[in-house]
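A.B. asks: this one's structure only:
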């Protein structure tokens, strides 16, 4: 009798079947996603109304349309180049990027990635709920006369956040389904917006930095330009901790160039919502300037104020569809990862916990804090803390020749000790040092005019040099530490290390961690 193959693909589960996997390695038979699926999730998560809000920041910073377009293109390109190599970890290891970072920051050091994903999820989940909720309330006010008081916003935020949370609980396949719809429908609505606003758009919008501007205003041009580019760049960089959440369902033998290319192209495609936000913000600045007052900007209100009546419903649809996509891609991965950091929490419970924390931040940020400053400050923290971590990960991937021990990566999640990535009591101080030194320097040198200025932010004549500085320091410091203090040979694959030396050391066996005796009550 011929035995049945054991590695045949399993039947695709129903959309309404709750995803059973946490951060353990996805079985090969379940890894049926493609690079195009990665493109759809990454692009769908950014092809949204919240990206339009980020796209309006160059105008809020006083740039002209063309200056803002240059800053936007610079931010998207730089961010896409930094981000795209992070897509390689998911197919290689079948798990998320925080778990994969165990190889470079140590079994315990992987919690850094969990912290960064939490920071990112709270920020971008909040942006999606704020922008989409404001658009829904504003559109309903114009269409049906719904009041725009605090109760309307509270209900809109709560309902929207609840919908996003429900999709995240069901898991990856439901999220992929939402993004399949979002990519097509949101793109069509943005193109429809070109028709709605095409007659009012004037690319010659001059902004604040004109020839007639005084010297003090002129001196703020480069700080404003770089600050705007960094706000834009925060969007692609924000996906760095999450790409593995989606690419882990791609088979390990998928061509790396296709996986990396899908991640890169997904960010280039976000120029559509970014330019929509930039162009409409320039119209708002001309026709309804009170909505772009730096003291109290309101992009959503301004967009509704300049919209033709027939476009109110498309605005509401764009807010609903796009916000669902951004919210789910931001929140899903963090719930997934925190289920491993706190073993008593399942993926579903961890998702609900992170979701509730994020919802609390949404209401505090919207009703008790400066909303625009909250967005820009969080975006700045994402760049300065996440980018050095990504540099360590990418350089580590190339020095390891893309080879990893899947079993050793799961030591933390199983509450074990030892293995190839144990290093020094579970910490790889080389990667950890490169990360925190670069992140601290980035925060110290940050300078976003009128928003956040670090203690050393004025040393470059007001220009924000935090990103190039943190990138360079992370790369040089990490490689220097690998050279001066070589890692164990066992941490590398059969072909050995690339670019750096190694040393022979025994691999500590993987053992169960000691269990503390419960205190008697």
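C.D. replies: Structure's in. What do you need? Please read these numbers as outputs of a predicted model, since none were measured by experiment. Numbers count the residues shown, from 1 in each chain.
A.B. asks: which stretches of the stretch 301-450 of the chain have low pLDDT?
C.D. replies: The model of the stretch 301-450 of the chain has pLDDT under 70 over residues 333, 335-337, 339-340, 343, 345, 368-376, 379, 449-450.
A.B. asks: can you show me the helices along it?
C.D. replies: 312-341, 347-367, 371-399, 406-409, 429-444 (DSSP state H, counting those that start in this stretch).
A.B. asks: in the protein, which spans are strands?
C.D. replies: Along the chain, the stretches classed as strands by DSSP state E are 416-417, 447-448, 452-453, 487-488, 502-503, 511-512.
A.B. asks: okay, those strands in CSV with mean neighbour count and distance to residue 434 next?
C.D. replies: Every residue, glycine included, has its C-beta placed from N, CA and C. Shown next, in CSV, are the strands of the chain (neighbours: other C-beta atoms under 10 Å; distance: least, C-beta to C-beta, whole Å):
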stretch, mean neighbour count, distance to residue 434
strand 416-417, 18, 24
strand 447-448, 24, 23
strand 452-453, 18, 24
strand 487-488, 22, 13
strand 502-503, 12, 18
strand 511-512, 10, 29
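A.B. asks: spatially central residue in the chain, please.
C.D. replies: Among the residues of the chain, the one closest to the centroid is residue 238, at 2.2 Å (C-alpha atoms, centre = their mean).
A.B. asks: pull up the distance across stretch 189-207, start to finish.
C.D. replies: 27 Å (C-alpha to C-alpha, to the nearest Å).
A.B. asks: please apply the same query to stretch 81-100.
C.D. replies: End-to-end for stretch 81-100, by C-alpha to C-alpha: 20 Å.
A.B. asks: with stretch 400-413 instead?
C.D. replies: 22 Å.
A.B. asks: for the closest residue to residue 45 other than its chain neighbours, what are its contacts?
C.D. replies: In space, and not counting its chain neighbours, residue 45 is closest to residue 329: 3.2 Å by C-beta to C-beta, 6 or more residues apart in numbering. When contacts are counted by C-beta atoms under 8 Å, 6 or more residues apart in numbering, residue 329 is found next to 41-42, 44-45, 175, 179, 239, 242, 246.
A.B. asks: for stretch 377-394, what is the distance to the chain centroid?
C.D. replies: Centroid separation between stretch 377-394 and its chain, computed with C-alpha atoms, centre = their mean, to the nearest Å, is 10 Å.
A.B. asks: now do the contacts for residue 408.
C.D. replies: With C-beta under 8 Å, 6+ apart, residue 408 has these contacts: 102-103, 419-421, 510.
A.B. asks: what does residue 377 give?
C.D. replies: 448, 451-452.
A.B. asks: tell me the span between the first and last residue of stretch 43-56.
C.D. replies: 19 Å.
A.B. asks: which elements pack onto the biggest helix by length in the chain?
C.D. replies: Longest helix of the chain, by residue count under DSSP state H: helix 111-144. For helix 111-144, the helices and strands in contact under the criterion 3 or more C-beta pairs under 8 Å, 6 or more residues apart in numbering; DSSP states H and E are helix 49-55, helix 97-100, helix 150-170, helix 299-306, helix 312-341, helix 347-367, helix 371-399.
A.B. asks: now those helices in a markdown table, with distance to residue 139?
C.D. replies: A markdown table is the format used below for those (distance: least, C-beta to C-beta, whole Å):
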| stretch | distance to residue 139 |
| --- | --- |
| helix 49-55 | 11 |
| helix 97-100 | 37 |
| helix 150-170 | 10 |
| helix 299-306 | 7 |
| helix 312-341 | 4 |
| helix 347-367 | 18 |
| helix 371-399 | 19 |
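A.B. asks: can you say which of the ones you listed is nearest to residue 497?
C.D. replies: Evaluated with C-beta to C-beta, the helices and strands packed on helix 111-144 place helix 371-399 nearest to residue 497, the distance being 5.6 Å.
A.B. asks: now the angle from the closest one to helix 347-367?
C.D. replies: 140 degrees (axes from the mean of the first three to the mean of the last three C-alpha atoms, to 10 degrees).
A.B. asks: so how far is helix 371-399 from its chain's centroid?
C.D. replies: Centroid separation between helix 371-399 and its chain, computed with C-alpha atoms, centre = their mean, is 9 Å.
A.B. asks: circling back to that earlier point, got the helices of the stretch 301-450 of the chain as JSON lines, with distance to residue 65 columns?
C.D. replies: Shown next, in JSON lines, are the helices of the stretch 301-450 of the chain (distance: least, C-beta to C-beta, whole Å):
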{"stretch": "helix 312-341", "distance to residue 65": "21"}
{"stretch": "helix 347-367", "distance to residue 65": "29"}
{"stretch": "helix 371-399", "distance to residue 65": "20"}
{"stretch": "helix 406-409", "distance to residue 65": "47"}
{"stretch": "helix 429-444", "distance to residue 65": "29"}
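A.B. asks: deepest-packed of the ones you listed, please.
C.D. replies: When the helices of the stretch 301-450 of the chain are scored by mean count of other C-beta atoms under 10 Å, the highest mean neighbour count falls to helix 312-341 (a mean of 26).
A.B. asks: show me the contacts for the residue nearest to residue 422 when sequence neighbours are not counted.
C.D. replies: Distance criterion C-beta to C-beta, 6+ apart; nearest residue to residue 422, sequence neighbours excluded, is residue 508 at 5.2 Å. Applying C-beta under 8 Å, 6+ apart to residue 508 gives the contacts 417-419, 422.
A.B. asks: span of stretch 196-210 from start to end?
C.D. replies: One end of stretch 196-210 to the other measures 29 Å (C-alpha to C-alpha).
A.B. asks: flag every buried residue along that stretch.
C.D. replies: Buried residues in stretch 196-210, counted by 16 or more other C-beta atoms under 10 Å: 196-197, 200, 205-209.
A.B. asks: next: stretch 86-93.
C.D. replies: By neighbour count on 16+ other C-beta under 10 Å, the buried set for stretch 86-93 is 86-93.
A.B. asks: could you do stretch 482-500 as well?
C.D. replies: Buried residues in stretch 482-500 (16+ other C-beta under 10 Å): 482, 486-488, 490-492, 497, 500.
A.B. asks: for it, give me every contacting residue.
C.D. replies: The contact list for stretch 482-500 (C-beta under 8 Å, 6+ apart) reads 103, 398-404, 420-421, 423, 428, 430, 479, 501-505, 507.
A.B. asks: that one: end-to-end distance?
C.D. replies: 6 Å.
A.B. asks: residue ranges with poor pLDDT in the stretch 101-250 of the chain?
C.D. replies: Checking the stretch 101-250 of the chain against pLDDT under 70 turns up 171-172.
A.B. asks: could you tell me the end-to-end distance of stretch 54-63?
C.D. replies: The first and last residues of stretch 54-63 sit 14 Å apart, counting by C-alpha to C-alpha.
A.B. asks: same thing with stretch 303-310?
C.D. replies: 13 Å.
A.B. asks: returning to what we had before: out of the contacts of residue 329, which is nearest to residue 139?
C.D. replies: Closest to residue 139, out of all of these and judged by C-beta to C-beta, is residue 44, at 21.5 Å.
A.B. asks: and the closest one, what is it in contact with?
C.D. replies: Applying C-beta under 8 Å, 6+ apart to residue 44 gives the contacts 178-180, 182-183, 186, 325, 329.
A.B. asks: how about residue 120: what's its closest non-neighbour residue?
C.D. replies: Residue 120's closest residue in space is residue 238 (C-beta to C-beta, 6+ apart), at 4.8 Å.
A.B. asks: tell me if I'm right that the one you found and residue 124 touch.
C.D. replies: Yes. Using C-beta atoms under 8 Å, residue 238 is in contact with residue 124, at 5.7 Å.
A.B. asks: please consider this matter closed, and thank you.
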